[in-house]
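1. sequence unknown, structure follows:
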């Protein structure tokens, strides 16, 4: 359903790879919206957490925090992403904001869950697998900070207001190893993004 919806949306451009369903939507957010979101991220940002790796490992060195889903402004952004993908709100996690300072990065990882890890028993009951990822860039980065899909050599530079969405599964519904990606180190300036993940069942 999502695939067909995006394919018929003139604003959604499919990126050039046959290994991953990934689309870009330019100017999804306005400059004032981006600025407001960055301010909100600064208020909640703390060392980013992972399911099975400590912050001190250096695997994910950004700062992040969930935005208040009951805030009318945040709810409006979330609703627009839901409408773009055609997914019902209960499937979506809360929007998370992330801030990267110079030298900070998120090494190659998948958004979908590994079912042989201990955390899966909790996440299985918490909505199951992550299906689609929606990630918006909020500011221009002086240098670095690209989103690199390592298995397919696809690199996307931050573009303020642009939304990147991708399917974490292959066409037959199995987690797609080619969805592995990294937030490359910021070399100059800062990088702000928001991310919303969708589950296969009602989240929470």
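-> Arrived safely, thanks for sending. Quantities reported herein were computed from a predicted structural model and do not represent experimental measurements.

2. Please count neighbours and contacts with C-alpha atoms only from this point.
-> Noted.

3. Okay, strands next: where are they in the chain?
-> Secondary structure of the chain (DSSP state E): strands located at 12-14, 22-25, 46-47, 63-66, 96-100, 106-109, 130-137, 143-144, 147-149, 154-156, 163-167, 181-183, 186-188, 191-199.

4. Residue 119 is nearest to which of those?
-> Nearest to residue 119, of all these, is strand 130-137, at 13.6 Å by Cα to Cα.

5. what's in contact with that closest one?
-> 81, 111-113, 158-169, 191-200 (Cα atoms under 8 Å, 6 or more residues apart in numbering).

6. Buried ones from these, can you make that a ChimeraX selection?
-> Of the contacts of strand 130-137, the buried ones go into a single ChimeraX selection, burial set by 16 or more other Cα atoms under 10 Å:
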select :81,111,112,113,158,159,160,161,162,163,164,165,166,167,168,169,191,192,193,194,195,196,197,198,199
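
7. related to what we said a few turns ago, redo the strands of the chain as TSV? Include distance to residue 35 and mean pLDDT.
-> Formatted as TSV, the strands of the chain follow (distance: least, Cα to Cα, whole Å; pLDDT from 0 to 100):
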stretch	distance to residue 35	mean pLDDT
strand 12-14	23	97
strand 22-25	18	98
strand 46-47	19	94
strand 63-66	16	96
strand 96-100	12	98
strand 106-109	23	96
strand 130-137	11	98
strand 143-144	19	98
strand 147-149	21	98
strand 154-156	21	97
strand 163-167	15	98
strand 181-183	21	98
strand 186-188	19	98
strand 191-199	10	98
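
8. just the helices in the chain please.
-> 2-7, 31-44, 72-85, 120-125 (DSSP state H).

9. show me what contacts residue 27?
-> 160, 161, 162, 163.

10. picking up where we left off before, dump the helices of the chain to TSV, plus distance to residue 142.
-> Below are the helices of the chain laid out as TSV (distance: least, Cα to Cα, whole Å):
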stretch	distance to residue 142
helix 2-7	31
helix 31-44	16
helix 72-85	26
helix 120-125	37
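
11. ok, so of the contacts of residue 27, who is nearest residue 95?
-> Nearest to residue 95 out of these is residue 163 (Cα to Cα; 13.3 Å).

12. So, low pLDDT: which residues of this protein?
-> Scanning the chain for pLDDT under 70 picks out 50-57.

13. swap the cut-off to 80 and go again
-> By pLDDT under 80, the weakly predicted segments of the chain are 49-58.
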